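Enquirer: Return a 3D structure for these sequence lines:
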Amino acid sequence: MLEETAQVVRIDGDRVWVETQRQSTCGSCAAAKGCGTATLSKVLGQRRTLVRVLSRQPLRIGDRVVIGIREQALVRGSLAVYAVPILLMLAGGIIGELGAQGFLWDNAELASVLLGISGLAAGLVWLRRFTRKIEFDDKYQPLVLRKLVDGTAGVVVTR
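Expert: Numbers count the residues shown, from 1 in each chain. Model (predicted):
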């Protein structure tokens, strides 16, 4: 389970809205002065993000909590967002190229580009359906693991 500290900012039933602050390990290694990622991190600064999480314990606005998301959900979500649209785009491009060779289309490059764009569009449509399907699926939602009491972890609540 991947964990992050957050602060409760709004409560809607069993859905809790928390604010997290982006953490960066940049600047702590020996190459920080010559690293482009560390420089970019300094330029972008510390941004706060509003996240909806599940909670089965009583919380109040202002409480500090530890939230978590399952690694499996993060990996599946990342594959859905990045891999599926790109793979469908590549498949469309390859089909366009092979189709042009097999069916003697006049312009193999145009066929490859058009089918590649069509594959990308199909991947984005699939992604939209997938995200609607998992939007309220508890397996893919971050949840409150424990409440921090005076800077220390309280009782662990797991599902």
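
Enquirer: List the buried residues in the longest helix seen in the chain.
Expert: For the chain, the helix with the greatest residue count under DSSP state H is helix 108-134. Across helix 108-134, burial judged by 16 or more other C-beta atoms under 10 Å covers 111-112, 115-116, 118-120, 122-123, 127, 134. Placement of C-beta: from N, CA and C, glycine included.

Enquirer: any idea where the strands of the chain begin and end?
Expert: Secondary structure of the chain, counting by DSSP state E: strands at 2-12, 15-21, 48-54, 64-69, 143-149, 152-153.

Enquirer: Same list (those) but as JSON lines, adding distance to residue 82 and mean neighbour count.
Expert: Compiled in JSON lines, the strands of the chain are given as follows (distance: least, C-beta to C-beta, whole Å; neighbours: other C-beta atoms under 10 Å):
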{"stretch": "strand 2-12", "distance to residue 82": "17", "mean neighbour count": "15"}
{"stretch": "strand 15-21", "distance to residue 82": "22", "mean neighbour count": "17"}
{"stretch": "strand 48-54", "distance to residue 82": "19", "mean neighbour count": "14"}
{"stretch": "strand 64-69", "distance to residue 82": "17", "mean neighbour count": "19"}
{"stretch": "strand 143-149", "distance to residue 82": "24", "mean neighbour count": "18"}
{"stretch": "strand 152-153", "distance to residue 82": "33", "mean neighbour count": "10"}
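
Enquirer: I'd like those strands written out as a markdown table, with mean pLDDT added.
Expert: A markdown table is the format used below for those (pLDDT from 0 to 100):
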| stretch | mean pLDDT |
| --- | --- |
| strand 2-12 | 89 |
| strand 15-21 | 86 |
| strand 48-54 | 85 |
| strand 64-69 | 92 |
| strand 143-149 | 88 |
| strand 152-153 | 54 |
